[in-house]
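**Student:** no FASTA, just this:
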């Protein structure tokens, strides 16, 4: 059973962002499914590595978008990305070193962080992208 399913409640209505968010949520849910079924540490490591890579790629896309539209809250938003990247790296390293097991609390934290980040940080970015589009089109004309 997934920890969380995609819903309009966490949509930004920006296709690239929502596609990335769906993928990240699917990876978190897959990690949870593997954890619950008792997958090997190597399997969990592989899914975690995919989650780390996908998060980094998503953050790069968002940060390029923020630069393109000269987003006023880009610095704070990038800081949030760095915080999650560091947390994912720490969790993955600890798991690989077999110093920790992925717990239900850890998995719930990942889902909660993603949902809150979307609502608090990505929705305002999506609105800024929408507002910048007409101006960008005027410049191109």
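**Tutor:** The structure has been received and is ready for your questions. If you're wondering where the values come from, they're calculated on a predicted model, not measured in any experiment.

**Student:** CA atoms for contacts and neighbours, from now on please.
**Tutor:** Fine.

**Student:** check the chain for its longest helix and report it.
**Tutor:** Criterion DSSP state H: the longest helix present in the chain is helix 41-69.

**Student:** packing partners for the helix or strand just after that one?
**Tutor:** The C-terminal neighbour of helix 41-69 among helices and strands, as given by DSSP states H and E, is helix 74-96. The contact analysis (3 or more C-alpha pairs under 8 Å, 6 or more residues apart in numbering; DSSP states H and E) places helix 74-96 against helix 41-69.

**Student:** show me what the longest helix of the chain is packed against.
**Tutor:** Checking 3+ C-alpha pairs under 8 Å, 6+ apart, helix 41-69 ends up next to helix 15-37, helix 74-96, helix 123-140.

**Student:** just those: most buried one?
**Tutor:** Greatest average neighbour count among the helices and strands packed on helix 41-69 goes to helix 15-37 (a mean of 18), per mean count of other C-alpha atoms under 10 Å.

**Student:** avg pLDDT for it?
**Tutor:** In this model, helix 15-37 has an average pLDDT of 94.

**Student:** before we move on, the earlier item: want to throw the helices and strands packed on helix 41-69 into a markdown table with distance to residue 58?
**Tutor:** Listed next are the helices and strands packed on helix 41-69 as a markdown table, based on distance: least, C-alpha to C-alpha, whole Å:
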| stretch | distance to residue 58 |
| --- | --- |
| helix 15-37 | 6 |
| helix 74-96 | 10 |
| helix 123-140 | 14 |
